[in-house]
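Colleague: One predicted model, sequence on top.
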Amino acid sequence: MNKKLKNIIIGTLKFLLIFGIFAFLFWRAAQNDTFTALLEQKKNWNFLLLGFSLNFFGILLTFIRWKWLVRGLGIPIGYPEAIRLGFLGLIFNLLPMGIVGGDLVKGYLLARNYPAKKIEAAASVIVDRIIGLYIMFLLGFIMIWICGFVNNSNREARIAVGAIIWFFILSTIGIGFLLFPESKAGLRRRIIKKIPFAGALLEKLTAAMQVYREHKILLLVSGSITFILHLCYGLSLYFLACGLFGYAPSILDHWVIYPISNTGTLIPLSAGPVEYFLDVLYPLFTIPGHEAYRPGFGMIVGVAFRFTSLLVMGIGGIYYLAGRGEIAESLKDFHQENDRQQD
């Protein structure tokens, strides 16, 4: 099959899947008069602004974390360049252009600017994503115990608790495995090569983690920054929910809701899964003095959270317009290199 045609088919299927998820969520919301409740409810614009600001601050922290990871490997990147490349990556993540994700764009542009540090540039992007996911699982693992969500007998709650526990345990084991020094006999490499389907990916992850194996303090600092930014994202959801509907589960509950729902980012779709998981999770939390969240509430809060990200992306659009020539040229080179490797 022609590669271009294959990409078109995959892109179309993804779009149809996203459309189907949102169509289902909107239908459920309409069945429960959720939109009517939203229209009738007086909005708290101060809370909505605070929700946007916390999302914006969390996104800025992701740029700062990556900047530290890059500088730690001897690449002399400054805050302006890290923020510019970070915004460009955000744009490609939220509104994917072709099959190139934000991480690939960010890493490729960094490697292009510092050709002598291509391995380090790739490692920084991979480790940046690993830290982000791992600390998110860690936050969820801690908060399900603190908030007592682990004792919720609801079927969906049990599935969510089981997922976050297993994601945390397996990712802890995986990171430990990747950071552990390789034996002289190359046992780890031989084990990784035998893993079906995921062997090539795990080899790249291992190489990236090995680059940072001697920078444990840097990884600890990056992890601390990541913990703060995930707290900000949970707070953002809380204030958006309060701003839209006037009430919401507690802040602590949102530090359960956010990491569990955000595991939807593991599904390679630009929208849909996170909103679906939010819609399932919100009704599981009791709110003293108020009716429980009905189907559609979580979806609307999720859409509001995504909309705040799009507003932040609008700020990043300035950076995109300023460097669109460089990006177009880099993407052309990227596709040409990718085609050569596949041939």
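Modeller: Cool, got the structure.
Colleague: how many other residues sit next to the residue lying closest to residue 292 once chain neighbours are set aside?
Modeller: What sits nearest to residue 292 in space, not counting adjacent residues and going by CB to CB, 6 or more residues apart in numbering, is residue 283, at 5.6 Å. C-beta coordinates here come from the backbone N, C-alpha and C atoms, glycine included. A count of neighbours around residue 283, defined by other CB atoms under 10 Å, yields 16.
Colleague: okay but residue 283 is in contact with residue 295, surely?
Modeller: Yes - counting by CB atoms under 8 Å, residue 283 touches residue 295, with 6.9 Å between them.
Colleague: about what we covered before: where does the residue nearest to residue 292 sit: helix, strand or coil?
Modeller: helix (DSSP: H, G, I helix; E, B strand; the rest coil).
Colleague: And residue 28, by the same measure?
Modeller: helix.
Colleague: ok now stretch 124-142, how far from the chain's centre?
Modeller: 9 Å (CA atoms, centre = their mean, to the nearest Å).
Colleague: Run the chain-centre distance for the strand or helix carrying residue 55.
Modeller: Element membership for residue 55 (DSSP states H and E) is helix 45-71. Centroid displacement of helix 45-71 relative to its chain, using CA atoms, centre = their mean, is 13 Å.
Colleague: Pull out the buried positions in that helix.
Modeller: 47-48, 50-52, 54-70 (16 or more other CB atoms under 10 Å).
Colleague: try stretch 226-240
Modeller: Residues 226-227, 229-240 are the ones in stretch 226-240 that count as buried (16+ other CB under 10 Å).
Colleague: all strands of the chain, in order?
Modeller: Taking DSSP state E as the criterion, the chain carries no strands.
Colleague: Where do the helices of it begin and end?
Modeller: With DSSP state H as the criterion, the chain has helices at 3-31, 34-40, 45-71, 79-94, 102-113, 118-146, 155-179, 187-193, 199-211, 216-245, 251-261, 273-281, 297-322, 324-342.
Colleague: worst average pLDDT in those?
Modeller: Ranked by mean pLDDT, the helices of the chain end with helix 324-342 in last place, scoring a mean of 60.
Colleague: Run through who's touching stretch 212-220.
Modeller: The list of residues contacting stretch 212-220 from outside it, by CB atoms under 8 Å, 6 or more residues apart in numbering, reads 68-69, 72-73, 123, 127, 131, 179, 181.
Colleague: Buried ones from those, can you make that a ChimeraX selection?
Modeller: To isolate the buried members of the contacts of stretch 212-220 in ChimeraX, using 16+ other CB under 10 Å:
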select :68,69,72,73,123,127,131
